[in-house]
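Peer 1: With the input below, show me the fold.
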Amino acid sequence: MKTPRKILFVDDDANFLAALRRTFRNQFIFDTANSGQEALHLLKSEGPYAVIVVDIDMPGISGIELLSRLSAESPKTVQVVLTGKVDLDTFVESVERGKIFRYVAKSFDGDALRSVLWESLKQYDDDEKEIAE
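Peer 2: Numbering: from 1, shown residues only. Predicted structure coming up:
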């Protein structure tokens, strides 16, 4: 039996996480974390995750640091950056330290994000297929 593909959303904005839970509760299997530290705990206790969606600008462990650690600890996980901080320096650093599949501006558009999530899950499945062959 195939393991369900799970998504992890990481953002320090509780209201944003609540909006994600309401929007996607019947469409995806997912967890939420309100910090990089909580995300690392969930990765160990609830993982693996097919997709992780990370806010870059968080206190403590930044999204960039989290993605860097994730690349080492869970290299198959597809990484998506969802942030209101869209600038070239942040983009370049996140790409250099992680393996970003998509970089999405944080204006909540459920349909656009849903599309990115489905694309990310497909990428995960394609990567899994390549490994199996």
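Peer 1: show me where this protein has helices.
Peer 2: Remark: helices assigned in the chain by DSSP state H are 14-24, 36-46, 63-73, 88-97, 110-132.
Peer 1: and Leu40, what does it touch?
Peer 2: The neighbours of Leu40, taking CB atoms under 8 Å, 6 or more residues apart in numbering as the test, are 61, 66, 69. C-beta here means a position set from N, CA and C on the backbone, and glycine is covered the same way.
Peer 1: Please name the nearest non-neighbouring residue to the last one.
Peer 2: In other words, Arg69. Leu40 (6.8 Å; CB to CB, 6 or more residues apart in numbering).
Peer 1: Ok, the first one next?
Peer 2: Sequence neighbours aside, Gly36 is the residue nearest to Ile61 in space, at 2.8 Å (criterion: CB to CB, 6+ apart).
Peer 1: list the contacts for that neighbour?
Peer 2: Gly36 neighbours (CB under 8 Å, 6+ apart): 10, 58, 60-63, 65-66.
Peer 1: okay, it: pLDDT?
Peer 2: Model confidence at Gly36, expressed as pLDDT, equals 94.
Peer 1: what's the distance between it and Glu65?
Peer 2: 7 Å (CB to CB, to the nearest Å).
Peer 1: for the protein, what are the low-confidence residue spans?
Peer 2: Counting by pLDDT under 70, the chain contains low-confidence ranges at 1-3, 85-88, 90-98, 108, 129-133.
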